[in-house]
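Visitor: let me see the structure of the following:
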Amino acid sequence: MRLRIPSLHGLSISLAALAAMVFYTLGASYPTFNSAQSSLVAAGFLGLVVWLLVEQWPEQQDGFAQRRYYLVAAVAAAIPAVGRAAETLFSTTFGFSELGLFELFGLLIAGALVAGYGSARRTTLFRAARTAEASLSATTSRRREFGQIVVSSTVGVAFAAAVLGGEAGLTTVLGSALAGVVIALFSSRTRVELVAYDDGLVAVDSNGPGSIVPWRRIRRLERDGDRLLIHTRVPWLPTYRCDLSESENPGTVVDSFQRCRRHV
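Guide: All right, here's what the predicted structure looks like:
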């Protein structure tokens, strides 16, 4: 096999980081090195090897992303942190209390990176293999955005407190909820470009290739004057508000969206 020159692809780097963190965590649980520093160096070397190897099989990387195996990796990486939080909340032990915070949050972050880059690669492959039928600029519902920010802030702080070993009391929960309210009040409304394909809708923002929303997750399309409202189901939740006045042929665009949805 002819060796490929490795590239700085996010998915391969995140997989290498996850492999390194798993190795370091196992080394911390079952000491095989003289010091944490030597264990960290060995984990870094393993991560480099994994990155070089993964880059030799780009087709397998594509398959990994298309089959959404990155979700399995992310869930597995989150198990130690969830286990530690459960130990705190239920005053029991599952064996995760011996892990340090570096291992717990390192695995959690590495898993999140794998999920993020895997999803981005899947979206890129999805768009490259299909022809866009129509597109519209849209904003998300401010009310739903507000609720999502407040809930995610509250849950995130409570989870972090549980992982750190302290129970999330009423003060912590109320404080995190208030912080979420402040963040939501000063955040701008999200703007995306919605691109319709026969197999799904892609919401493209300024941070990357976007995310795929299957048509079965679209509750309904509703035209309201110069606006097209696209209502989604759980777990997407947002209602997209499209300004049809920006389109030269709004009727044709709306028909294309409806036809793509009926195609499924």
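Visitor: scan the protein for its longest helix.
Guide: helix 101-128 (DSSP state H).
Visitor: return the list of helices and strands in contact with that one.
Guide: With contacts taken as 3 or more C-beta pairs under 8 Å, 6 or more residues apart in numbering; DSSP states H and E, helix 101-128 sits against helix 10-29, helix 58-66, helix 69-90, helix 142-163, strand 191-197, strand 200-204, strand 211-213. Any C-beta I mention is one placed from the backbone N, CA and C, and that applies to glycine too.
Visitor: dump those to CSV, plus mean neighbour count, mean pLDDT and distance to residue 45.
Guide: Output for the helices and strands packed on helix 101-128, formatted as CSV (neighbours: other C-beta atoms under 10 Å; pLDDT from 0 to 100; distance: least, C-beta to C-beta, whole Å):
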stretch, mean neighbour count, mean pLDDT, distance to residue 45
helix 10-29, 21, 88, 9
helix 58-66, 15, 93, 21
helix 69-90, 18, 88, 20
helix 142-163, 16, 71, 28
strand 191-197, 18, 90, 41
strand 200-204, 21, 90, 38
strand 211-213, 18, 90, 34
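Visitor: got CSV for these, with distance to residue 118 too?
Guide: CSV is the format used below for the helices and strands packed on helix 101-128 (distance: least, C-beta to C-beta, whole Å):
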stretch, distance to residue 118
helix 10-29, 6
helix 58-66, 5
helix 69-90, 3
helix 142-163, 21
strand 191-197, 20
strand 200-204, 16
strand 211-213, 12
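Visitor: residue 125: which of those is closest?
Guide: Comparison of the helices and strands packed on helix 101-128 against residue 125 by C-beta to C-beta identifies helix 58-66 as nearest, at 5.8 Å.
Visitor: break this structure down into its domains, please.
Guide: According to automatic domain parsing, the chain is divided into the following domains: 10-128, 134-263.
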